[in-house]
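Asker: whatever this is, show me its structure:
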Amino acid sequence: MAGRQNIRNLLKQREIKGSRSARSLESKKHVTPEFIERLGLFKELEGHDGCVNCLEWNTTGEILASGSDDQTVILWQGETGAKLAQLATDHQGNIFSVKFIPHSGDSTIVTGSQDSRVCLVDVEKQRSVQHAALCVGRVKRLAVSQETPGIFWSASEDGTVMQWDTREKWTEATTSILIDLNVHCARAEVKCIAVNPVRDNILAIGANDQFIRLYDRRKLSLKKMGSRMERATSHRTIGPSGSAAAAAVDSTPTEAVKYLVPGHLAGLDTTRSSVRSFFKPLTTTYLNFSSAGTELVVNMGGDHVYYFDKDSIFGCVSEPNVMETLDVIQQHHQQQNQQPSTSTGGGAKSKRLLNGASSSLPPLSTEVEDIKVRANAEFERENYTQALKYYNLALVKEKHPILYGNRAAALMKRKFTGDTYAALRDCVTTLGLNPGHIKALLRLAKCLHELERYAEAKKCLEIFKSRYPDHAKSSVCTQLEKDILAAEKEKKEVQGEGRGEGNEDMDTSETNDDVEEIIHLAQSEFQDGSDHDLDMEAGGGGEGEEEGEGREEYRSNSSNTAAAGKREGGGARNGRSFSEQELVWRKGASDYTLRYVGACNTTTDIKEANFFGNDCQFIMSGSDDGKIFIWDRVSTNLVKVLSADSSTVNCVQGHPSLPVLASSGIENVIRLWHPRPEDGGQEKREIENLEKAVKDNQDRMSQDPFEYFVSNDRLRDDLQCRTS
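Answerer: Sure, this is the predicted structure:
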């Protein structure tokens, strides 16, 4: 009742105060949990003769534009879905991106396509008025800014971001390259691009690796492009832009670029898993800024959806520094030893510490304690995803070490991709709030062991044994110590074999030939007679071992720079070169803020994730299982799953001012989703068992690469209609 009264008040204020109050109403009630709960299928829009690869609302939401494999753009009435016009283009391949040119009265549209071509479309004439194929690779995304009328940017798989001007004739002389990733990273492909809506000098781009790059274009200089042949040769040459000299003349200032990366992906050793890298490359398939320009959502192909806040974007949020945390714990232990002991009942005190209790920390509130009890009950029933949902909800209300510690335990038990690193983050947070949390310290050692960070794991376990001698001989502690030592020894032996130490007579050519043959066979199947191949060629870094195995310490010292250049993520199968500057940017990358688990993103490289709501209250994403996933942004809890395509959902775009969602995928139709009437009716496309949907997608993502290719007949049959 209170919520309804608030809406009535806002509506009344809108009538009295006009547009100013109207904007407040849109911001506060644009998309609410109640609207999300009632979200259902409103209409299916038919008109395209191929997969619908891109959707775009105009600024008012009155028009929805769609681009398709049929090389046309259709304009739809935003609220009703009525077809307004179908626009011809000069494209000869699938359209991947469509944008309204700002301040043109929605009369001009620009499109990018598989044919490396960019087209300028006149809505009134319903045809292209200008086009150019200046890019070497496919044009995957376009970006515009409300502050720069007539200017737009293209993201292409030749590794460049080009700047275009609609007021000029597009030629190699008038169109310039703003960003060229090949200067610092050979065989790079730009997959997506976004312009900050508030600070339009900031561009975000995603590539065929796990790093998100932010550029301040005020500090960049436009470069004239060479011929297509020269740029094609430069792109495919192993080494920065084909030569060391090209890297030396690069004028990009170090401070003009900022990197972001999920911490567990930063140092994946893809050279040890080239087959996995081929079949499941890490690729940033989509990214977008929030309406305030202070947040970024990223869909990471081969992994999950990530959120970066303003501290990550504009500050420096590195991954948790384990060594610093361990030093703090040691200092805390020394200080405790210097204080005279006045208490008795050490056994009871030890039990409280084991469970995370501390005399200096306030107890949980009654409400949060009740939530924790429900979470613990689900944990005991081994329903770890459900337990995590409750822990997430509790942590929104109170940032308490007990909750962080318990959530870490649930993550370690669930063991989804990236869960171990997330648990490590929670353990570090727990120990930061309460250095005396015994379980968190032991869990931290286990996380480090599973992430193959053995030096840190050994130090962590040594501190645990020193600080808590009563627990040093426990079966858990002794077994973990044995596991760490055995794994460390095995790793050294493997590294020795890789260098040929003691294996002069070993012939590894057969194994390597087998791997190359498998990859070559897959390439042939993917590319044979199809314009819709999975984008796996020289794809970015591979998905590492489950739980992030192969992850090295991100802040490596200077002596490891050369090795880092070979191992850091995104390596091409035949060796990938990085400039020294590239390594500097990667070492300074900021870690993610929040992670959203449930969707699967492994088969197309145009899969979107977006904010939903003017205040970015929700995060939504498409998925390989044909579903739309919607999460609460703050808690990261999954709140809605809708079946939206018979194969794959690629596009999810929220209306700028209404609780309306548009989606598309492999099917030829677009679906509009509105809140259903409050008549008690059931939405047939709503998925009720959210946990099963999440688990099924995780199983798909972690599938063995050989099995993924050989046994997945449905995937291989569907390759002919894939959009990328």
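Asker: surely R425 and N321 touch.
Answerer: No - at 11.3 Å, R425 and N321 do not qualify as touching, with contact defined as Cβ atoms under 8 Å. Placement of C-beta: from N, CA and C, glycine included.
Asker: higher neighbour count, those two?
Answerer: Set R425 next to N321 and count neighbours by other Cβ atoms under 10 Å: R425 wins out with 22 against 14.
Asker: state the distance from that one to M412.
Answerer: Noted for R425: a distance of 12 Å to M412, by Cβ to Cβ, to the nearest Å.
Asker: so which helix or strand takes in L480?
Answerer: helix 475-498 (DSSP states H and E).
Asker: now do the contacts for I628.
Answerer: Shown in contact with I628 (Cβ atoms under 8 Å, 6 or more residues apart in numbering): M620, S621, G622, K640, V641, L642, A644, V649, V652, L661, S663, W673.
Asker: list only buried entries from those.
Answerer: M620, S621, G622, K640, V641, L642, A644, V649, V652, L661, S663, W673 (16 or more other Cβ atoms under 10 Å).
Asker: out of those residues, which are inside strands?
Answerer: Among those, the members falling in strands (DSSP state E) are M620, S621, K640, V641, L642, V649, V652, L661, S663, W673.
Asker: how much space separates the second one from E295?
Answerer: With distances defined as Cβ to Cβ, the gap from S621 to E295 amounts to 15 Å.
Asker: next: P675.
Answerer: Distance from P675 to E295, by Cβ to Cβ: 25 Å.
Asker: over to T636?
Answerer: 14 Å.
Asker: quick one: residues contacting V31.
Answerer: Taking Cβ under 8 Å, 6+ apart, we find V31 in contact with F612, G613, N614, Q617, F618, G654, P659.
Asker: G654 is in contact with the first one, correct?
Answerer: It stands for F612. Yes - counting by Cβ under 8 Å, G654 is a contact partner of F612 at 4.4 Å.
Asker: next, show the common contact partners of those two.
Answerer: Joint contacts of F612 and G654 (Cβ under 8 Å, 6+ apart) are V31, M620, L661.
Asker: in TSV: those residues, plus distance to N182.
Answerer: Listed next are the shared contacts of F612 and G654 as TSV, based on distance: Cβ to Cβ, whole Å:
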residue	distance to N182
V31	40
M620	33
L661	37
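Asker: got these as JSON lines, with pLDDT columns?
Answerer: Shown next, in JSON lines, are the shared contacts of F612 and G654 (pLDDT from 0 to 100):
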{"residue": "V31", "pLDDT": "92"}
{"residue": "M620", "pLDDT": "98"}
{"residue": "L661", "pLDDT": "97"}
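Asker: could you identify the helix or strand that succeeds the helix or strand of the chain with the lowest mean pLDDT?
Answerer: When each helix and strand of the chain is scored by mean pLDDT, DSSP states H and E, helix 561-567 comes last, with a mean of 36. Next helix or strand after helix 561-567 toward the C-terminus (DSSP H and E): helix 580-587.
Asker: other SSEs contacting that next one?
Answerer: Applying 3 or more Cβ pairs under 8 Å, 6 or more residues apart in numbering; DSSP states H and E, we find helix 580-587 packed against strand 257-260, helix 561-567.
Asker: helices of the stretch 351-500 of the chain, start to end?
Answerer: Along the stretch 351-500 of the chain, counting by DSSP state H, counting those that start in this stretch, helices occupy 366-380, 384-397, 401-414, 419-433, 438-450, 454-467, 475-498.
Asker: quick one: which of the ones you listed is nearest A85?
Answerer: In terms of Cβ to Cβ, the element of these nearest to A85 is helix 384-397, at 44.9 Å.
Asker: with just CA atoms, put stretch 127-136 into PDB.
Answerer: Provided in PDB are the C-alpha atoms of stretch 127-136 (Å, rounded to 0.1, in the frame of the first residue of the first chain):
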ATOM      1  CA  ARG A 127      18.100   3.200 -48.600                       C
ATOM      2  CA  SER A 128      21.800   3.700 -48.200                       C
ATOM      3  CA  VAL A 129      23.200   7.100 -49.200                       C
ATOM      4  CA  GLN A 130      26.800   6.300 -48.500                       C
ATOM      5  CA  HIS A 131      28.900   3.200 -47.800                       C
ATOM      6  CA  ALA A 132      32.500   2.200 -47.500                       C
ATOM      7  CA  ALA A 133      34.500  -1.000 -46.900                       C
ATOM      8  CA  LEU A 134      37.500   0.500 -45.200                       C
ATOM      9  CA  CYS A 135      37.900  -2.100 -42.400                       C
ATOM     10  CA  VAL A 136      39.900  -5.300 -43.000                       C
END
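Asker: now do it, average pLDDT.
Answerer: Mean pLDDT, stretch 127-136: 94.
Asker: neighbouring contacts of it?
Answerer: Outside stretch 127-136, the residues that touch it by Cβ under 8 Å, 6+ apart are 87-91, 115-122, 154, 156-158, 160, 162, 166, 169-172, 175, 225, 228, 231-232, 235.
Asker: may I see the buried residues of that stretch?
Answerer: For stretch 127-136, using 16+ other Cβ under 10 Å, the buried residues are S128, Q130, H131, A132, A133, L134, C135, V136.
Asker: what is the burial count for K169?
Answerer: Look at K169: counted by other Cβ under 10 Å, it has 10 neighbours.
Asker: ramachandran angles for it?
Answerer: The phi/psi pair for K169 (degrees, to the nearest 10) reads phi -80, psi 130.
Asker: for it, what are its contacts?
Answerer: K169 sits next to Q130 when contact means Cβ under 8 Å, 6+ apart.
Asker: that one and S365, how far apart?
Answerer: According to Cβ to Cβ, K169 and S365 sit 66 Å apart.
Asker: helix or strand for the nearest residue to K223 once chain neighbours are set aside, which one?
Answerer: Setting aside the residues directly before and after it, K223 is nearest to I177 in space (Cβ to Cβ, 6 or more residues apart in numbering), at 4.7 Å. Here I177, judged by DSSP H and E, is contained in strand 176-180.
Asker: which neighbouring elements make contact with that strand?
Answerer: Contact here means 3+ Cβ pairs under 8 Å, 6+ apart; on that basis strand 176-180 packs against strand 160-165, strand 202-207, strand 223-224.
Asker: let me know which of those is tucked in deepest.
Answerer: Stretch with highest mean neighbour count among the helices and strands packed on strand 176-180: strand 202-207 (a mean of 24; mean count of other Cβ atoms under 10 Å).
Asker: from the contact counts, what lies against the helix or strand following it?
Answerer: For strand 202-207, the following helix or strand on the C-terminal side (DSSP H and E) is strand 212-216. Using 3+ Cβ pairs under 8 Å, 6+ apart, the elements in contact with strand 212-216 are strand 202-207, strand 257-260.
Asker: among those strands, which is nearest I606?
Answerer: The minimum distance between I606 and those falls on strand 202-207, with 11.1 Å, by Cβ to Cβ.
Asker: for that closest one, name the packing helices and strands.
Answerer: Under the contact definition 3+ Cβ pairs under 8 Å, 6+ apart, strand 202-207 sits against strand 176-180, strand 190-195, strand 212-216, strand 283-289.
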